[in-house]
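Trainee: Sequence and predicted model, in that order:
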Amino acid sequence: MSAQIQHLACVRCDAIHSPDEVRYRCDCGGTLDVVHDLEALAGRDLLGLFDDRRSSRVPEDRSGVWRFRELVLPGADDAIVTRGEGNTWLYDVPGVASRVGLDGLQLKHEGENPTASFKDRGMTVAISMARKLGLSRVACASTGNTSASMASYAARAGMQAVVFIPDGDIALGKLSQALAYGGRTLQLAGDFDDAMRIVEQVCAAEGIYLVNSVNPFRIEGQKAIAFELLQDRGWRVPDWIVLPGGNLGNNTAIAKGLSELRALGLIDRLPRIAVVQAAGANPLYTAWTTGADVVPVRAKTVATAIKIGSPVSWRKSLRGLRATDGVVTEVSDQQIMDAKAWVDAAGVGAEPASCATVAGIRRLVDEGVISADSDVVGVLTGHMLKDPDAVVGYHMGSLPGIVSTHANAPTKVAANLAAVRAALAD
Ligand SMILES: *Cc1c(COP(=O)(O)O)cnc(C)c1O
Ligand SMILES: [Zn+2]
């Protein structure tokens, strides 16, 4: 018989639940963890196995999620719905490093996933789980990228996708994808936090499978960012991994994956994790600095992917931060857009939320939390073309409240050689 996960455990009260029933929360309201049978894996050369699979022709081996399936969802087998997610590039960006005050910097670009954000890593697992459970309808509330990913994977699996998006503040690239992939899209008169509240109720009432990151299997797929990042580096652990925080599923996932590798003795230390929030959507930062529980806020930021005031995974997130000696910081929209201009001009490019990573690194270096000679990997979470309005608005100087420090606006020029030569000489 193939390996199985052990059980689901409540993050709040430790109660145990079966992985074979549809359940996202404990009876106490706490979110759930997938608990693996690490003892059954002890002593196996998993890193060698993961490395060998990189040269395989089997789709499940080539996927940057399912390649690590023993630690993701063992026993998924025939239920797997994959688009070859992951396999994203780890860029050396010396120009960005000097902007943030580091000797060197690597950026792992999760915008290079099939639907152009890291959400595909969690979605391939959630949709495979839906198929395993025999379900035919899936739903999510989304600031955009989750819905784009869900709509694509649901279409591949022949499932109906129901998307709840907030009214306004959804980036054009993401909305295009949800519509194009055939998601039944409901634009709710409210913000993301309203949509999240309603979708949990709708899924319970209608028997639809909820694939927001409250779904513990999403988290299992997103752990593969950490696995693949280490694999890219020959399993050499960096000093820091830095990423943006919205609903806080992703930093939870990375910390969980690393802790499992450490528990198996496959790595000998943990990197420190830094979570960067937008100052206008900073409930985790406030909780971190005050030592209190997360208190919801009304979110406002240009980085729509992290415009979340009531994060679902805050308890798990704080646990991961403590386990990795992590930190939380916040950055302004101006700092995010300036950092984005550096990332874009390096020829890499990313959407605004992703660039909170780089703005956060700059702040932490300035404050002496990260030293200049540290080995730092930043995660870029989504593709530049997800939000073309932010790019064009910045370079045309038309983003409200933002000074376009590094604007690269087009020059209007007459259609003759002399005029063009004059413009180029400028
Ligand atoms: C979803 C998303 C985030 C936030 O991730 P969480 O897991 O919600 O903290 C950041 N950036 C992008 C591009 C995203 O799509
Ligand atoms: Zn509980």
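Mentor: That came through fine. Ligands and ions are numbered 1, 2, ... in the order given.

Trainee: Could you measure from the residue in the stretch 201-350 of the chain positioned nearest to ligand 2 over to Leu380?
Mentor: Nearest to ligand 2, among the residues of the stretch 201-350 of the chain, is Arg315, at 10.6 Å (Cβ to the ion). Using the backbone N, CA and C atoms, a C-beta is placed for each residue, glycine as well. When distance is defined by Cβ to Cβ, to the nearest Å, Arg315 is 26 Å away from Leu380.

Trainee: Same check on Tyr91?
Mentor: 8 Å.

Trainee: Of the two, which one has the most company?
Mentor: The neighbour comparison of Tyr91 against Leu380 (other Cβ atoms under 10 Å) goes to Leu380, with 30 against 17.

Trainee: Spell out which residues are contacts of both of Tyr91 and Leu380.
Mentor: Common contact partners of Tyr91 and Leu380 (Cβ atoms under 8 Å, 6 or more residues apart in numbering): Leu107, Lys108, His109, Val348.

Trainee: Go ahead and confirm the second one touches Val379.
Mentor: Yes. Under the criterion of Cβ atoms under 8 Å, Lys108 is in contact with Val379, at a separation of 5.4 Å.

Trainee: shared neighbours, the two?
Mentor: Ile225, Leu229.

Trainee: So which residues on the stretch 251-400 of the chain come close to ligand 1?
Mentor: Ala305, Ile306, Glu351, Ala353, Ser354, Thr381, Gly382 (Cβ under 6 Å from any ligand atom).

Trainee: Try it again at 8 Å.
Mentor: 251-253, 275, 303, 305-306, 308, 311, 313, 317, 350-351, 353-354, 356, 381-382, 386 (Cβ under 8 Å from any ligand atom).

Trainee: who's Leu90 bridged to?
Mentor: Lys108 (DSSP bridges).

Trainee: tally of neighbours for it?
Mentor: 14.

Trainee: So it is in contact with Gln231, correct?
Mentor: No. At 9.7 Å, Leu90 and Gln231 do not qualify as touching, with contact defined as Cβ under 8 Å.

Trainee: Leaving out chain neighbours, which residue sits closest to Gly337?
Mentor: One correction, residue 337 is Met, not Gly. Among residues not flanking Met337 along the chain, Ile402 sits closest, at 5.2 Å (Cβ to Cβ, 6 or more residues apart in numbering).

Trainee: rewinding a little: ok, now how distant is the residue of the stretch 201-350 of the chain closest to ligand 2 from Val295?
Mentor: Counting by Cβ to Cβ, the gap from Arg315 to Val295 is 13 Å.

Trainee: phi, psi of Arg362?
Mentor: phi -60, psi -50 (degrees, to the nearest 10).

Trainee: Then Ala274?
Mentor: Backbone torsions for Ala274, taken as degrees, to the nearest 10, come to phi -120, psi 120.

Trainee: what's the answer for the one 5 residues further on, then?
Mentor: Listed backbone geometry of Ala279 is phi -60, psi -30, with angles given as degrees, to the nearest 10.

Trainee: tell me the contacts of the residue nearest to it when sequence neighbours are not counted?
Mentor: Using Cβ to Cβ, 6+ apart and skipping the chain neighbours, the partner closest in space to Ala279 is Glu330 (4.6 Å). Residues in contact with Glu330 (Cβ under 8 Å, 6+ apart) are Val276, Gln277, Ala278, Ala279, Asn282, Tyr285, Gly360.

Trainee: where does Glu330 fall, helix, sheet strand or coil?
Mentor: The three-state label given to Glu330 by DSSP: H, G, I helix; E, B strand; the rest coil is strand.

Trainee: for Ala139, same thing?
Mentor: strand.

Trainee: who does the nearest residue to it once chain neighbours are set aside bridge with?
Mentor: Nearest non-adjacent residue to Ala139, counting by Cβ to Cβ, 6+ apart: Val162, 4.0 Å away. Taking DSSP bridges, one obtains Ala139, Arg184 as the residues bridged to Val162.

Trainee: To what extent is Gly309 buried, counted in neighbours?
Mentor: The local packing of Gly309 (other Cβ under 10 Å) involves 19 other residues.

Trainee: before we move on, the earlier item: neighbour count winner among Arg315 and Val295?
Mentor: Arg315 (16 against 12).

Trainee: Report the contact partners of that one.
Mentor: Here Arg315 is in contact with Val11, Arg12, Gly30, Thr31 (Cβ under 8 Å, 6+ apart).

Trainee: what's the distance between the closest residue in space to Gln160 that isn't next to it in sequence and Leu73?
Mentor: In space, and not counting its chain neighbours, Gln160 is closest to Arg137: 4.7 Å by Cβ to Cβ, 6+ apart. In this view, Arg137 and Leu73 are 20 Å apart by Cβ to Cβ.

Trainee: In three-state terms, label Ile165 for me.
Mentor: strand.

Trainee: Roughly how far does the closest residue to Ile361 other than its chain neighbours sit from Thr301?
Mentor: Nearest in space to Ile361, with sequence neighbours left out and distances taken as Cβ to Cβ, 6+ apart, is Val100 at 4.8 Å. Val100 sits 20 Å away from Thr301, going by Cβ to Cβ.

Trainee: repeat for Ser354
Mentor: 13 Å.

Trainee: so who does Pro283 touch?
Mentor: Contacts of Pro283 (Cβ under 8 Å, 6+ apart): Gln277, Val294, Val295, Pro296, Val297, Gly309, Ser310, Pro311, Trp314.

Trainee: Just the buried residues from those, in PyMOL please.
Mentor: To isolate the buried ones among these in PyMOL, judged by 16 or more other Cβ atoms under 10 Å, type:
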select buried, resi 277+294+309+310+311+314
